[in-house]
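Visitor: following is a predicted model, sequence given first.
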Amino acid sequence: MTEKTVFKRIIDREIPAKIVYEDQWCMAFEDIKPVAPTHLIVIPKKEIPSANQISQEDEAIVGHLFVAMRTIAERLGLDGGYRVVTNCGPDAGQEVMHLHFHMLAGRKFSWPPG
Ligand code: AMP
């Protein structure tokens, strides 16, 4: 059996996290190494390794993640906007093989990203 990812362990309450949002399909918690004043990790509860493994049957879940992010932004008052990032695969620097969106806010972000 393959080892659980750290995010699956957070879903299963095996390790603690500062959870800011949770529903039937997804959860959001504070990144342990924030790179912005607000840095959340938003994940589906379904184990999808990366954006490259999203299948047609996951379309509703992925759409739901964006609706959840909008709810989170409203609740946290992220009126200045926010950036959503997903790292997919080694060239993008993906470390945790469980689909996740970084939700970053609270400062200006440059473009192009590094
Ligand atoms: P990446 O896979 O490169 O898109 O990023 C994984 C992110 O997960 C990094 O920003 C880490 O700081 C974050 N991370 C890793 N372990 C934890 C944890 N236990 N709780 C919260 N965030 C974590």
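Guide: Arrived safely.
Visitor: and the next element down the chain from the longest helix along the chain?
Guide: Of all segments of type helix in the chain, defined using DSSP state H, the longest is helix 59-76. Per DSSP states H and E, helix 59-76 leads on to strand 83-85 as the next helix or strand towards the C-terminus.
Visitor: next SSE downstream of that following strand?
Guide: On the C-terminal side of strand 83-85, the nearest following helix or strand under DSSP H and E is strand 101-105.
Visitor: may I have the longest helix of the chain exported as PDB, CA atoms only?
Guide: Listed next in PDB are the C-alpha coordinates belonging to helix 59-76 (Å, rounded to 0.1, in the frame of the first residue of the first chain):
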ATOM      1  CA  GLU A  59     -15.200  18.300 -13.100                       C
ATOM      2  CA  ALA A  60     -17.800  19.100 -10.500                       C
ATOM      3  CA  ILE A  61     -15.300  18.700  -7.600                       C
ATOM      4  CA  VAL A  62     -12.800  21.000  -9.200                       C
ATOM      5  CA  GLY A  63     -15.500  23.600 -10.000                       C
ATOM      6  CA  HIS A  64     -16.600  23.300  -6.400                       C
ATOM      7  CA  LEU A  65     -13.100  24.100  -5.200                       C
ATOM      8  CA  PHE A  66     -13.300  27.500  -7.000                       C
ATOM      9  CA  VAL A  67     -16.700  28.200  -5.500                       C
ATOM     10  CA  ALA A  68     -15.300  27.400  -2.100                       C
ATOM     11  CA  MET A  69     -12.400  29.800  -2.700                       C
ATOM     12  CA  ARG A  70     -14.800  32.500  -3.500                       C
ATOM     13  CA  THR A  71     -16.700  31.800  -0.200                       C
ATOM     14  CA  ILE A  72     -13.400  31.800   1.700                       C
ATOM     15  CA  ALA A  73     -12.400  35.100   0.100                       C
ATOM     16  CA  GLU A  74     -15.700  36.700   1.100                       C
ATOM     17  CA  ARG A  75     -15.400  35.400   4.600                       C
ATOM     18  CA  LEU A  76     -11.800  36.500   5.100                       C
END
